[in-house]
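Trainee: sequence first, predicted model second:
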Amino acid sequence: MTILASLCELIIDCEHKTAPTVENGYPLIRTPDIGIGRLHIEGASRVDEATYEQWTKRAAPREGDLILAREAPVGNIGIVKSGVRPVLGQRTVLIRPKTDILDAGYLNYLLSSPPLRGWMIGVANGATVPHLNMSDIRSMEIPVMPSIDTQRKIASVLTDYDDLIENNNRRIKLLEEMAQRVYREWFVHFRYPGHESVPLVDSELGSIPEGWTACSLSDLVSTQYGYTESATSKPIGPRFLRGMDINKTSYVDWSRVPYCPIAASDLDRYRLVRGDVLVIRMADPGKVGIVEQDVNAVFASYLIRVRPVDARIDPYVLFYFMSSDQYQSFVSGASTGTTRKSLSASLITSISTALPPSELQQLFVSQVAPLRGLVTGLVSANTTLRNSRDLLLPRLISGEIDVTDLDIAIPEAAA
């Protein structure tokens, strides 16, 4: 065994607090932007060049550096990839391995493995929020390591899985954008098939196509607050959908949704069914998700279920309307609370919408449903890839699977 500090050029704690964010700039890596083995650059806030220069005086994160979360969530870590110039947010730690003896990719997977993640979670302390001390991080004991070439081979094998996952994520994003573009073209800009022959008429919402109906959302849907319970990773009941499960994407990755205990008498009341639309009412008010699979699941109290009760609106049309810029702007302006914005069931349905004819909605669904089906398939494929990678990881790290004599291609940057 050896300690982490002896294997690294530097291990420094971020001292920065907050800074104004900009639309385009350098990614600010906060603890929520750090996953298990990767950084979520795409969702990070950005800071300007002056902030970047000020905050990187001690050390500018560079390719191959690792960024560790000291808390919330403890022990999550990711590697800085080529072309990315991030800055550190609060409660993060920059780790720069000595690459002549320790491969950065190998260390990334090593620290993501169950033994060391478990150790970090175990030593974390704090009365309210568990956090890692810098002394514990520097003195972390690292298992006996294989040769640098074997480290690189192990990292290469595991990186292949992550590259496939990343490629699927890019495809998912493109499919999501395609579906959103169809909605905007048809139902926001009124450039739907055959629109040329349909005149616009006056309504309470302004000019809308003839044959469309201006109506309040409250006349089309029912609402229901979710179930109050604590989530658990143990499969002791149905899946327990929370706000954090729908606030980053337009789909639900059910493999990442935890469980909850629930009495049989409550299960039917809160059970989710295909076509249910869920809205976050606190923390990220207005973010929307939709149930697209048959799954044994209920929803948490920070969510509001919005379910069509009028055949005039299709669940996908409802979902995309509530995901639209128009609806999100309405929610943003209507949210209440001085410190923590929140929504009520009556508020989220108090907006009016231009309802397209049923046949046009069905045509829209025929275009969008296949795209959503591909998204679901790719999410499922990623679950399989992650499970395979996670099964391999401890066996490769422990040497149970020996890659020393295997002819494995190593990327030039790692060699």
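Mentor: Structure's in. What do you need? What you see is a predicted model; the values in this text were computed from it and never measured. Numbers count the residues shown, from 1 in each chain.
Trainee: any idea how far residue 173 is from the residue positioned nearest the centre of the chain?
Mentor: With distances taken as C-alpha atoms, centre = their mean, the residue of the chain nearest its centroid is residue 248 (4.3 Å). Noted for residue 248: a distance of 12 Å to residue 173, by C-beta to C-beta, to the nearest Å. C-betas here are computed from N, CA, C, even on glycine.
Trainee: return stretch 181-192 as CSV; C-alpha atoms alone will do.
Mentor: Backbone C-alpha positions of stretch 181-192 (Å, rounded to 0.1, in the frame of the first residue of the first chain) are rendered in CSV as follows:
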residue,chain,number,x,y,z
ARG,A,181,-38.0,20.8,-33.2
VAL,A,182,-41.0,19.0,-34.6
TYR,A,183,-43.1,20.4,-31.8
ARG,A,184,-41.9,23.9,-32.2
GLU,A,185,-42.4,23.9,-36.0
TRP,A,186,-45.9,22.5,-35.8
PHE,A,187,-47.4,23.9,-32.6
VAL,A,188,-45.4,27.1,-31.9
HIS,A,189,-44.7,28.4,-35.4
PHE,A,190,-47.8,26.7,-36.9
ARG,A,191,-45.8,25.2,-39.8
TYR,A,192,-47.4,21.8,-39.6
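Trainee: name the residues that touch that stretch?
Mentor: 200, 208-209, 317, 320-321, 324, 326, 354, 356, 360, 363-364, 367-368 (C-beta atoms under 8 Å, 6 or more residues apart in numbering).
Trainee: in that stretch, what counts as buried?
Mentor: In terms of neighbour count (16 or more other C-beta atoms under 10 Å), stretch 181-192 has its buried residues at 182-183, 186-187, 190, 192.
Trainee: now those residues as CSV including pLDDT?
Mentor: Conversion of these to CSV gives the following (pLDDT from 0 to 100):
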residue, pLDDT
182, 98
183, 98
186, 98
187, 97
190, 97
192, 97
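Trainee: for residue 388, state which of those residues is nearest.
Mentor: Closest approach to residue 388 among the buried residues of stretch 181-192 (C-beta to C-beta): residue 182, at 33.9 Å.
Trainee: doesn't that closest one belong to a strand?
Mentor: No - secondary structure assignment places residue 182 outside any strand; it is helix (DSSP: H, G, I helix; E, B strand; the rest coil).
Trainee: longest helix of this structure?
Mentor: helix 358-398 (DSSP state H).
Trainee: quick check: mean pLDDT of that helix?
Mentor: Computed over helix 358-398, the mean pLDDT rounds to 96.
Trainee: which other helices and strands contact that helix?
Mentor: In this structure, helix 358-398 makes packing contacts with helix 104-112, helix 148-183, helix 315-323, judged by 3 or more C-beta pairs under 8 Å, 6 or more residues apart in numbering; DSSP states H and E.
Trainee: return the distance of it from the chain's centre.
Mentor: Using C-alpha atoms, centre = their mean, to the nearest Å, the mean C-alpha position of helix 358-398 is found 14 Å from that of the whole chain.
Trainee: mind listing what the closest residue to residue 143 other than its chain neighbours touches?
Mentor: Using C-beta to C-beta, 6 or more residues apart in numbering and skipping the chain neighbours, the partner closest in space to residue 143 is residue 1 (6.6 Å). Neighbouring residues of residue 1 by C-beta under 8 Å, 6+ apart: 141-144.
Trainee: same thing with residue 279?
Mentor: For residue 279, the set of contacting residues under the criterion of C-beta under 8 Å, 6+ apart consists of 286-288, 303-304, 306, 322, 343, 348.
Trainee: domain parsing for this protein?
Mentor: Under automatic domain parsing, the residue ranges defining each domain of the chain are 2-145, 147-193+357-415, 213-355.
Trainee: quick one: closest of these to residue 204.
Mentor: Proximity of the domains of the chain to residue 204 was assessed by C-beta to C-beta; the nearest stretch is domain 213-355, lying at 5.1 Å.
Trainee: worst-scoring helix or strand of the protein, pLDDT-wise?
Mentor: Scoring the helices and strands of the chain by mean pLDDT, DSSP states H and E places helix 325-334 at the bottom, with a mean of 90.
Trainee: for that one, buried residues please.
Mentor: By neighbour count with 16+ other C-beta under 10 Å, helix 325-334 contains the buried residues 327, 330-331, 334.
Trainee: tell me which residues in the helix or strand where residue 222 lies are buried?
Mentor: Mapping residue 222 onto the secondary structure by DSSP states H and E places it in strand 221-225. Burial within strand 221-225, assessed by neighbour count using 16+ other C-beta under 10 Å, is assigned to 221, 223, 225.
Trainee: stretch 365-381 now?
Mentor: Of the residues in stretch 365-381, those buried under the neighbour-count criterion (16+ other C-beta under 10 Å) are 367-368, 371-372, 374-376, 378-379.
Trainee: distance to residue 79 added to the residues you listed, as JSON lines?
Mentor: Formatted as JSON lines, the entries for these read as follows, by distance: C-beta to C-beta, whole Å:
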{"residue": "367", "distance to residue 79": "39"}
{"residue": "368", "distance to residue 79": "36"}
{"residue": "371", "distance to residue 79": "32"}
{"residue": "372", "distance to residue 79": "32"}
{"residue": "374", "distance to residue 79": "29"}
{"residue": "375", "distance to residue 79": "27"}
{"residue": "376", "distance to residue 79": "29"}
{"residue": "378", "distance to residue 79": "23"}
{"residue": "379", "distance to residue 79": "23"}
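Trainee: including distance to residue 63, could the helices and strands packed on helix 358-398 go into TSV?
Mentor: Conversion of those to TSV gives the following (distance: least, C-beta to C-beta, whole Å):
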stretch	distance to residue 63
helix 104-112	8
helix 148-183	14
helix 315-323	35
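Trainee: what's in contact with stretch 136-154?
Mentor: By C-beta under 8 Å, 6+ apart, the list of residues contacting stretch 136-154 from outside reads 1-5, 7, 11, 68, 70, 93, 100-103, 105-106, 109-110, 115-116, 119-120, 123, 396-397, 399, 403-404, 406, 408, 410, 414-415.
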